[in-house]
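[1] Predicted model follows, preceded by the sequence.
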Amino acid sequence: MMAQSGSVPFVSELVRAARRILAELLDGQRELLAELQSADSS
């Protein structure tokens, strides 16, 4: 199934948005982990 030429910008926007969301989720996970580790060691 070929994507129509008009849908390519939409797909790249979607990919960009997904990557941003994933990056934010990963940052949140890292912060949570750091908080848990610091709470655990005190």
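    Now that the structure is in, tell me what you want to look at. Numbers count the residues shown, from 1 in each chain.
[2] Quick test: name the residue nearest the centre of the chain.
    For the chain, the residue whose C-alpha lies nearest the mean C-alpha position (C-alpha atoms, centre = their mean) is residue 22; its distance is 1.0 Å.
[3] Alpha carbons of stretch 27-40, as CSV, please.
    What follows is the C-alpha trace of stretch 27-40 in CSV, where atoms were taken according to Å, rounded to 0.1, in the frame of the first residue of the first chain:
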residue,chain,number,x,y,z
ASP,A,27,12.6,11.8,31.1
GLY,A,28,9.8,11.4,33.6
GLN,A,29,10.8,7.8,34.2
ARG,A,30,14.4,8.9,34.9
GLU,A,31,13.3,11.6,37.3
LEU,A,32,11.0,9.1,39.1
LEU,A,33,13.8,6.6,39.4
ALA,A,34,16.2,9.2,40.7
GLU,A,35,13.7,10.3,43.3
LEU,A,36,13.1,6.7,44.4
GLN,A,37,16.8,5.9,44.6
SER,A,38,17.5,9.1,46.7
ALA,A,39,14.6,8.3,49.0
ASP,A,40,15.8,4.7,49.3
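[4] quick one: it to chain centroid distance?
    From the chain centre to the centre of stretch 27-40 is a distance of 18 Å (C-alpha atoms, centre = their mean, to the nearest Å).
[5] how about whatever helix or strand residue 17 lives in: buried residues?
    Per DSSP states H and E, residue 17 falls inside helix 8-41. Using 16 or more other C-beta atoms under 10 Å as the burial criterion, none of the residues of helix 8-41 qualify. Every C-beta, even on glycine, is put in place using the N, C-alpha and C of the backbone.
[6] Mind pulling up the pLDDT for residue 10?
    With respect to pLDDT, residue 10 has a value of 92.
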